[in-house]
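**Student:** this one's sequence-less:
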């Protein structure tokens, strides 16, 4: 049985979910967190549905073995492809996923034209179609997959010429068609919001869904009586299937905190680390 002091599990294909962790640290500072970056398989966006589901299931099972009391799927591609499946597979676990922020964008736009930046898996998923159907009526939605942007952010290139060129190519046609709001549909993308604002100008509102995701985590923990009520700051543990040294270097830049990073190995389709602590 999970207790209030048990950690929250968070996973993403890479560093993108740190944008969600950053917000969870603001709203839930006493919660300990296990953060899993599946950098061996990054990016998830271009991958097939079955593959994303398989990765997400194995990571969730691993985090539960480590005692996670709640799992945040801090990856739009995994949320689009696997969130419903994970809830069915692990019915006793509460999951929080990423939903494209079409509703708040439709509520605040003045021009009626909204841009969405996301990966192909997100745009192709039933979750995105459902959100657009429910909340996108009367609004023109322009989409771009920003090819290569996740890889640039994984490299820590938040303001390089290559990163700037990717965003210009995505945003300039949208600006010409009158967007006044742009939605971050990938957890990696909030790390380049300063660059997006520079390119798009002060007249364009940028919506990051991370605060809403953190609020949902608060609600679910309180509903289940699992919120950590102590005043001590929670402990962060980082796990990656990629290069732990490179991941550790990115933590102060992207999260503003650091910590030890453990290497997690996959053997075939399974995580081979034992799962004990």
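**Tutor:** Perfect, I can see it now. These numbers were taken from a predicted model, which means no experiment stands behind them. Numbers count the residues shown, from 1 in each chain.
**Student:** mind checking pLDDT for the residue lying closest to residue 200 once chain neighbours are set aside?
**Tutor:** With sequence-adjacent residues excluded and distances taken as Cβ to Cβ, 6 or more residues apart in numbering, residue 200 is closest to residue 171, at 5.5 Å. Every C-beta, even on glycine, is put in place using the N, C-alpha and C of the backbone. Per-residue pLDDT puts residue 171 at 98.
**Student:** these two touch, right, residue 171 and residue 189?
**Tutor:** No. If you go by Cβ atoms under 8 Å, residue 171 and residue 189 don't touch, sitting 11.7 Å apart.
**Student:** list residues touching both of those two?
**Tutor:** Counting by Cβ atoms under 8 Å, 6 or more residues apart in numbering, the common neighbours of residue 171 and residue 189 are residue 196.
**Student:** What ranges does the stretch 1-150 of the chain have for its helices?
**Tutor:** Remark: helices assigned in the stretch 1-150 of the chain by DSSP state H, counting those that start in this stretch are 18-27, 49-65, 76-89, 102-108, 120-124, 126-135, 149-154.
**Student:** mean confidence for the longest one?
**Tutor:** Across helix 49-65, the average pLDDT comes to 96.
**Student:** Show me the contact partners of that helix.
**Tutor:** 9, 11, 13, 34, 36, 38, 41, 44, 71, 73, 77-78, 81-82, 85-86, 89-90, 93, 95, 121, 264, 269-271, 273, 275.
**Student:** So for that helix, what gets flagged as buried?
**Tutor:** Using 16 or more other Cβ atoms under 10 Å as the burial criterion, the residues of helix 49-65 that qualify are 49, 52, 53, 54, 55, 56, 57, 59, 60, 62, 63, 64.
**Student:** What sits closest to residue 229 if chain neighbours are left out?
**Tutor:** residue 4 (6.4 Å).
**Student:** thinking again about what came up before, could the helices of the stretch 1-150 of the chain go into TSV alongside distance to residue 198?
**Tutor:** Putting those into TSV (distance: least, Cβ to Cβ, whole Å) gives the following:
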stretch	distance to residue 198
helix 18-27	18
helix 49-65	32
helix 76-89	23
helix 102-108	20
helix 120-124	24
helix 126-135	27
helix 149-154	15
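**Student:** Which one of these lies nearest to residue 179?
**Tutor:** helix 102-108 (9.6 Å; Cβ to Cβ).
**Student:** Would you mind measuring from the nearest residue to residue 20 once chain neighbours are set aside to residue 196?
**Tutor:** Taking Cβ to Cβ, 6+ apart as the measure, residue 20 lies nearest to residue 74, with 4.0 Å between them; neighbours along the chain are not counted. Counting by Cβ to Cβ, to the nearest Å, the separation of residue 74 from residue 196 is 19 Å.
**Student:** Kindly report the same for residue 190.
**Tutor:** Using Cβ to Cβ, one gets 9 Å for the distance from residue 190 to residue 196.
**Student:** Let me know how buried the nearest residue to residue 99 once chain neighbours are set aside is, in neighbour terms.
**Tutor:** Leaving aside its chain neighbours, residue 99 sits nearest to residue 131 (6.0 Å; criterion: Cβ to Cβ, 6+ apart). For residue 131, the neighbour count with other Cβ atoms under 10 Å is 20.
**Student:** how deep is residue 44 tucked in, by neighbour count?
**Tutor:** 28.
**Student:** Which parts of the chain are strands?
**Tutor:** Using DSSP state E, the strands of the chain run over 8-12, 33-37, 70-73, 95-96, 113-117, 140-144, 181-184, 205-207, 236-240, 261-263, 266-267, 270-271.
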